[in-house]
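Participant: all I have is the shape, not the residue letters:
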């Protein structure tokens, strides 16, 4: 009787744990699905605006923001893919996934996260360069620097994604279908080192830029022309500062928690924190577009300009179609000429 009671209690406990885990997986996947859609739509629109207007493409910071939008668009695709597939698995009661399947779902997000972190660091140091020497910055080859940033970022992102598959037994079944639950402990240590290294570099660039701005704006030796140029850079830097704040909350804090569970060598904890990092990445990718639209003067202005031109084009097309549909075709007036040439030559009476 006692053994039977203990078995019932154990089965109820297992059922509750399974139910709670299932609810957590469902909530996470729904969040990933929604954030993926928002990220794809928002960053796709941002890239469309940058591609349309030459003035935006002539600015290095805007080009780097465009590369970041590509990374965020890739993150959105990865989040949408993972959220949708895992929801289908959840509805069909499929929990026998292996590490190969989970890594296949996460490779796009893994590549895009590497790309996003690297280009965020490029943007931070670009702002530092613009504030340190505003006149020299204005004369540099913007397109070449953007191309270098793109090549370096994509190359390292491919490397960082590729080494995640090394040494993994694809047939094993992880506790949670997250990248952190599938990779080796060595890769988890690499990830922590990479994330914290990039975060420290970005914070350094931000602090250095802030100190230089304050010193130059209040220095009497700074010329009026330089202060005018610095004022323009200050306006851009305020937008980047807000982007970095969202980055710190949605990226740095979850990765700090990842350090803790990695030191504790908790495979389950690493899996859960990896899911949290995925959600934070989705928030970061989606919110960035709203920041640019509301706070970045040039990008936000061109977004509104694009909307206005699109609406005006739709209204013009609608009005022209309406005019064509309401136009009445009048019958042709009969000709006064006859087949008799003599009658055609008769002069009219005046």
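Facilitator: Sure, I can see it. Everything quoted here is computed from the prediction, not taken from an experiment.
Participant: what about the closest residue to residue 258 other than its chain neighbours, distance to residue 78?
Facilitator: Closest residue to residue 258 apart from its sequence neighbours, by C-beta to C-beta, 6 or more residues apart in numbering: residue 273 at 4.7 Å. (Each C-beta comes from the backbone N, C-alpha and C, glycine too.) The spacing between residue 273 and residue 78, counted by C-beta to C-beta, to the nearest Å, is 17 Å.
Participant: okay, these two: which has more neighbours?
Facilitator: Remark: of residue 273 and residue 78, residue 78 carries more neighbours, 26 against 23, as counted by other C-beta atoms under 10 Å.
Participant: surely the more buried one and residue 108 touch.
Facilitator: Yes: under the criterion of C-beta atoms under 8 Å, residue 78 makes contact with residue 108 at 3.6 Å.
Participant: please name the residues that touch the most centrally placed residue in the chain.
Facilitator: Most central in the chain under C-alpha atoms, centre = their mean is residue 72, positioned 2.1 Å from the mean C-alpha point. For residue 72, the contact set (C-beta atoms under 8 Å, 6 or more residues apart in numbering) comprises 39, 43, 112, 116, 284, 285, 286, 288, 289.
Participant: so how far is stretch 186-203 from its chain's centroid?
Facilitator: Stretch 186-203 has its C-alpha centroid displaced from the chain centroid by 20 Å (C-alpha atoms, centre = their mean, to the nearest Å).
Participant: all helices for the stretch 101-250 of the chain, in order.
Facilitator: 134-138, 142-162, 179-182, 185-218, 224-247 (DSSP state H, counting those that start in this stretch).
Participant: buried set for the longest one?
Facilitator: It stands for helix 185-218. Burial within helix 185-218, assessed by neighbour count using 16 or more other C-beta atoms under 10 Å, is assigned to 187-188, 191-192, 194-195, 198-199, 201-202, 205-206, 208-209, 213, 216.
Participant: got the contact list for residue 122?
Facilitator: Neighbours of residue 122 in contact, by C-beta under 8 Å, 6+ apart: 64, 67, 149, 153.
Participant: residue 76 now?
Facilitator: Residue 76 is in contact with 35, 36, 37, 38, 39, 40, 43, 282, 285, 286, counting by C-beta under 8 Å, 6+ apart.
Participant: helices and strands around the helix or strand hosting residue 273, which ones?
Facilitator: Following DSSP states H and E, one finds residue 273 within helix 267-295. Helices and strands touching helix 267-295, by 3 or more C-beta pairs under 8 Å, 6 or more residues apart in numbering; DSSP states H and E, are helix 2-52, helix 60-91, helix 99-132, helix 179-182, helix 224-247, helix 253-263, helix 297-326.
Participant: coming back round to it: which of the helices of the stretch 101-250 of the chain sits closest to residue 301?
Facilitator: helix 224-247 (12.3 Å; C-beta to C-beta).
Participant: if we can go back for a sec, I'd like the helices of the stretch 101-250 of the chain laid out as TSV, including mean pLDDT.
Facilitator: TSV is the format used below for those (pLDDT from 0 to 100):
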stretch	mean pLDDT
helix 134-138	79
helix 142-162	92
helix 179-182	82
helix 185-218	85
helix 224-247	73
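Participant: mind checking which of those helices is nearest residue 49?
Facilitator: Nearest of the helices of the stretch 101-250 of the chain (C-beta to C-beta): helix 224-247, 15.3 Å.
Participant: so where's this protein uncertain?
Facilitator: The model of the chain has pLDDT under 70 over residues 1-22, 220-227, 229-236, 266-268, 270-271, 310-350.
Participant: could you find the closest non-adjacent residue to residue 89?
Facilitator: Spatially, and ignoring its direct neighbours in sequence, residue 89 is nearest to residue 97 (6.7 Å; C-beta to C-beta, 6+ apart).
Participant: so the one you found makes contact with residue 85?
Facilitator: No: between residue 97 and residue 85 there is no contact under C-beta under 8 Å: 9.5 Å.
Participant: now the helices of the stretch 101-250 of the chain in TSV, with distance to residue 102?
Facilitator: Formatted as TSV, the helices of the stretch 101-250 of the chain follow (distance: least, C-beta to C-beta, whole Å):
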stretch	distance to residue 102
helix 134-138	44
helix 142-162	14
helix 179-182	5
helix 185-218	14
helix 224-247	26
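Participant: which parts of stretch 175-182 are buried?
Facilitator: Buried residues in stretch 175-182, counted by 16+ other C-beta under 10 Å: 176, 177, 178, 179, 180, 181, 182.
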